[in-house]
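1. generate coordinates for the sequence data below:
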Amino acid sequence: MDTNRILIVDDEPDFRTLLVEALSSMGYSPEGAETAEAAIQMAKAQHYAIIFTDLNMPGGLSGLDLINTVQEIDPRTFCILMTGYATTESAIQALKRGAYDFIQKPFKLAELDASLVRALDHYKLKRDNEAYQNQLEQMVQERTQEILKLNENIEKLFEGFVNAAVTAIEERDPSTSGHSARVALLTVGLAEAVNRTPAGPYGPVSFNDPQLREIRYASLLHDFGKVGVREQVLVKARKLEPERLERILQRLYQRDLEAVNTRVLEAWKNGEPFDPAYATVLLTAHRAERERIADLILRCNEPQVLPQEVVEAMDELEELGFHHWFEGEARILESADISALRIPKGSLSAEEREEINSHVQKTFNFLSKIPWTGAFAQVADIAYAHHERLNGMGYPRHLKSDEIPAQSKLMAICDVYDALVAADRPYKAAVSIPRSLEILEHETRAGLLDRGALDIFHEAKVYELTKDMLNVKMVSP
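-> Prediction:
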């Protein structure tokens, strides 16, 4: 940019030529224009640092009009008014129109030079400031891009961490594969439905984009604490572990062999002849009884509510004995086996159930150690409360309704729903979608789940979000 480019606008040719020559001798690059209209066209074609203009130019635009137009065309140009009719009013009008200064005709070249030097100093200062501002803006823009790229990389890293954490959960318990992702999809979908609900108990509640992401992360990681639960407890499908059941059934068979062996030995002692088929006959005679007892044990081993007749028949199991190779007479079912088979519902003992439930505390302990940013500050708290229930019957803190975060209330519904409709797990069969919705309704009436949230879950048909991810038939409720 040529800071010495100057335009002289005056309708008097001799005066205009004199100024152009004088400024040229001073080292500037001046040009002349006879009218304001000509000056405007020249200003449109190129930039002038300073424009000196006469006030009154007959037959066209005045100097004030020129100043006003130049400010619109190129606001960087400094305009200086030259007039032989200087008044306070004309000076004020010139300054209002955007003039930098004015000079009263006639003037000496020294006065012109002094005004020009002041204008150029100011002009250069503004240009330097603009350059600095542009450089600063460029630096800020570059730094902003670096920060955005860093944030993008951090988000990718965090997404990778979350996915890895979910993978770790599902590898510990393959039967729940996809549960965390489906709960996240359902919970975010329910939160978005809340945003679309203007009335009701959730009318005043809304979640912005960062809060929806916060809900997603909390939902994806809500079961992470299961990595701290023993695998044999986490995936326990029956009351007795397979090796324990196998040991019991083998002892039952050994018990029959011992009985047959005793009968054969007694027959030989009594002088009866050797008969190879006799042992087989005796084993066959014991088989029906052995199968009856084995069937009773297998029925007791199922993770279901025990019928009363089964509970009463279990007493005989405590008396079953066999000959232990080391300790002599011993029980076929040890006390731990009997206790496990007497579990009234499900496959877990009270201690094992407590260990499973501890995953919530473990999840919170893990998530609370992550330095979440401000937008995600509640991730740990949201996940911490997903097993709490409105009536205080949840765990681990037995919170009441007003103590439970709204996000956790939404997640609780989605977590229970997915656990019900998910494909068969070792310890339960999949429940149909209509039946699952009925169970949610029942738990809501019992004061466990939130009524307002469940109504939105129904009305918005949030449950349809995962229908293609499940091996169940979609039937409208």
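2. helices and strands around the biggest helix by length in the chain, which ones?
-> Longest helix of the chain, by residue count under DSSP state H: helix 109-172. Helices and strands touching helix 109-172, by 3 or more C-beta pairs under 8 Å, 6 or more residues apart in numbering; DSSP states H and E, are helix 13-25, strand 50-54, strand 78-83, strand 101-104, helix 179-195, helix 209-220. Any C-beta I mention is one placed from the backbone N, CA and C, and that applies to glycine too.
3. what's the angle between the fifth one and helix 109-172?
-> The reference is to helix 179-195. 130 degrees (axes from the mean of the first three to the mean of the last three C-alpha atoms, to 10 degrees).
4. just the helices and strands packed on helix 109-172: most buried one?
-> When the helices and strands packed on helix 109-172 are scored by mean count of other C-beta atoms under 10 Å, the highest mean neighbour count falls to strand 50-54 (a mean of 26).
5. any idea of the mean pLDDT in the longest helix of the chain?
-> Across helix 109-172, pLDDT averages out at 86.
6. ditto for stretch 375-382
-> Regarding stretch 375-382, the rounded mean pLDDT is 92.
7. which residues sit against it?
-> 210-211, 213-215, 217-218, 221, 364, 367-368, 370, 372, 405, 407-408, 411 (C-beta atoms under 8 Å, 6 or more residues apart in numbering).
8. how about 7 Å then?
-> For stretch 375-382, the external contacting residues (C-beta atoms under 7 Å, 6 or more residues apart in numbering) are 210, 214-215, 217-218, 364, 367-368, 372, 405, 407-408, 411.
9. gap between that stretch and the chain center?
-> In terms of C-alpha atoms, centre = their mean, to the nearest Å, the gap separating the centre of stretch 375-382 from the centre of its chain is 10 Å.
10. compare the helices and strands packed on helix 109-172 and give me the one nearest residue 315.
-> For the helices and strands packed on helix 109-172, proximity to residue 315 was assessed by C-beta to C-beta; helix 179-195 is nearest, at 39.5 Å.
11. tell me what the closest one is packed against?
-> In terms of contacts (3 or more C-beta pairs under 7 Å, 6 or more residues apart in numbering; DSSP states H and E), helix 179-195 is packed against helix 109-172, helix 209-220, helix 406-421, helix 451-459.
12. now do the contacts for residue 397.
-> Neighbours of residue 397 in contact, by C-beta under 7 Å, 6+ apart: residue 388.
13. where does it land in three-state SS?
-> Recorded secondary structure, residue 397: coil (DSSP: H, G, I helix; E, B strand; the rest coil).
14. roughly how far apart are it and residue 360?
-> 9 Å (C-beta to C-beta, to the nearest Å).
15. go through stretch 114-134 and flag the buried ones.
-> For stretch 114-134, a neighbour-count test (16 or more other C-beta atoms under 10 Å) marks 115, 116, 119, 120, 123 as buried.
16. next: stretch 268-283.
-> residue 282.
17. now the terminal residues of that stretch, how far apart.
-> 17 Å (C-alpha to C-alpha, to the nearest Å).
18. that older thread, could you dump the helices and strands packed on helix 109-172 to JSON lines with mean pLDDT?
-> Listed next are the helices and strands packed on helix 109-172 as JSON lines, based on pLDDT from 0 to 100:
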{"stretch": "helix 13-25", "mean pLDDT": "91"}
{"stretch": "strand 50-54", "mean pLDDT": "92"}
{"stretch": "strand 78-83", "mean pLDDT": "88"}
{"stretch": "strand 101-104", "mean pLDDT": "84"}
{"stretch": "helix 179-195", "mean pLDDT": "95"}
{"stretch": "helix 209-220", "mean pLDDT": "94"}
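19. state the mean pLDDT of stretch 319-329.
-> pLDDT averaged over stretch 319-329 gives 79.
20. ok, and what's touching that stretch?
-> The contact list for stretch 319-329 (C-beta under 7 Å, 6+ apart) reads 251, 254, 255, 258, 330, 331, 332, 333.
21. got it, and stretch 344-364?
-> Outside stretch 344-364, the residues that touch it by C-beta under 7 Å, 6+ apart are 221-226, 228-230, 233, 236-239, 303, 305-306, 339-340, 343, 380, 383-384, 387, 395-396, 427.
22. so for it, what gets flagged as buried?
-> 346-349, 352, 355-360, 362-364.
23. of the helices and strands packed on helix 179-195, give the one that comes closest to residue 315.
-> helix 406-421 (34.7 Å).
24. figure out the length between the terminal residues of stretch 71-89.
-> 20 Å.
25. quick one: residues in contact with it.
-> Under C-beta under 7 Å, 6+ apart, the answer for stretch 71-89 is 43-44, 47-55, 63, 67, 70, 90, 94, 98-105, 115, 119, 122-123.
26. and if we set it to 6 Å?
-> 43-44, 47-48, 50-52, 54-55, 63, 67, 70, 94, 98-105, 115, 119, 123 (C-beta atoms under 6 Å, 6 or more residues apart in numbering).
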